[in-house]
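Colleague: please find the sequence and the predicted model below.
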Amino acid sequence: MGYVTAVPHPRSEAAGPDRSGRRSLALALMFGALGAAVALLASRQGWSAGTATVSGGDFPLSAKGNDVTGVPASLAIVGLAALVAVFAVRRAGRFLVAGLLALSGAGTVASALLGVSDSSALDEKAARATGDTAATVDTMTHTAWPYVAAAGGVLLLLAGLLALRYGRLWPAMSGRYERDGTPRPRKARTAPDPDRPEEIWKALDRGEDPTSA
């Protein structure tokens with residue numbers, strides 16, 4: 001009696017990497033966009049508060065994230081730009097941009113956490129309030145917003161790590177023009193490719209889950 005050997009179908013073998021690439025792409029877009037937005041929002045909120053002693057008594061002071069440090073907001077913008085740029089380049093360029101995205105996230109986390117104990121912004125306000133350049137804030141408390149900014153940095157870092165790990169499976173953004181500026185010949189109109197980064201952006205914007213397909 002002969003035995004029948006099952007031969008794996010080429011389409012089923014390719015389904016695994018395709019599914020991983022699509023899911024990782026959607027997660028990277030979501031993590032990166034959300035992380036940048038969270039870090040930027042948190043940088044505009046109050047991070048610390050304290051009091052300075054003046055002749056009339058205690059004078060309350062407060063400092064926003066941008067007063068304490070502008071690094072998290074700047075790195076969030078860099079990370080968002082890198083997230084978009086990662087789809088415009090290929091091969092080694094994509095790896096380098098993905099690394100920049102991950103470093104932006106790590107830097108956002110570090111700078112936000114360092115800002116928790118930074119009293120320089122309050123000390124400057126205390127000096128202006130008292131008219132004494134040597135004056136410092138007497139007591140200082142901090143809010144949860146520095147940690148929220150750090151959480152945004154973690155999301156940017158995750159997006160960068162996903163790009164480093166799975167970026168080779170992601171498609172590049174389509175364009176109508178070649179590098180020399182000449183328009184490409186028009187092709188017959190076809191249904192949009194759901195694996196394209198721009199289509200996944202649109203799905204996320206509509207509130208759909210692009211990984212469910």
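Modeller: Thanks, I have the structure now.

Colleague: isn't residue 112 right next to residue 153, touching?
Modeller: Yes: the pair residue 112 / residue 153 is scored as a contact, 6.2 Å apart, by CB atoms under 8 Å. Where you see a C-beta, it was placed from the backbone N, CA and C, and this is true even at glycine.

Colleague: now for those two: what residues contact both?
Modeller: Counting by CB atoms under 8 Å, 6 or more residues apart in numbering, the residues touching both residue 112 and residue 153 are 39, 72.

Colleague: could you list every helix and strand in contact with the top helix by length along the chain?
Modeller: The longest helix of the chain (DSSP state H) is helix 10-43. Under the contact definition 3 or more CB pairs under 8 Å, 6 or more residues apart in numbering; DSSP states H and E, helix 10-43 sits against helix 65-68, helix 71-85, helix 91-114, helix 145-166, helix 197-205.

Colleague: what comes up buried for the fourth one?
Modeller: Right, helix 145-166. 145-164, 166 (16 or more other CB atoms under 10 Å).

Colleague: averaged pLDDT, the longest helix of the chain. What do you get?
Modeller: Regarding helix 10-43, the rounded mean pLDDT is 80.

Colleague: sheet-wise, list the partners of the helix or strand just after that helix with their directions.
Modeller: The helix or strand immediately downstream of helix 10-43 is strand 46-54, counting by DSSP states H and E. For strand 46-54, the paired strands and their directions (DSSP bridges) read strand 57-64 (antiparallel), strand 139-142 (antiparallel).

Colleague: what does strand 46-54 contact?
Modeller: Residues contacting strand 46-54 (CB under 8 Å, 6+ apart): 58-65, 67-68, 115-116, 118-119, 121-122, 125-126, 129-130, 135-143, 145-146.

Colleague: apply 6 Å and report the result again.
Modeller: 58-65, 68, 122, 126, 129-130, 137-143, 145-146 (CB atoms under 6 Å, 6 or more residues apart in numbering).

Colleague: could I get the CA-only coordinates of that strand as PDB?
Modeller: Presented in PDB, the C-alpha positions along strand 46-54 are these (Å, rounded to 0.1, in the frame of the first residue of the first chain):
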ATOM      1  CA  GLY A  46       1.500  70.700  34.800                       C
ATOM      2  CA  TRP A  47       4.400  68.500  36.000                       C
ATOM      3  CA  SER A  48       5.400  70.000  39.300                       C
ATOM      4  CA  ALA A  49       4.300  72.500  41.900                       C
ATOM      5  CA  GLY A  50       5.900  74.100  44.900                       C
ATOM      6  CA  THR A  51       6.100  77.200  47.100                       C
ATOM      7  CA  ALA A  52       8.500  80.100  47.500                       C
ATOM      8  CA  THR A  53       8.800  82.100  50.700                       C
ATOM      9  CA  VAL A  54       8.300  85.800  50.200                       C
END
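
Colleague: buried stuff in that strand?
Modeller: Of the residues in strand 46-54, 47-53 count as buried by neighbour count, 16+ other CB under 10 Å.

Colleague: average pLDDT for that strand?
Modeller: pLDDT averaged over strand 46-54 gives 87.
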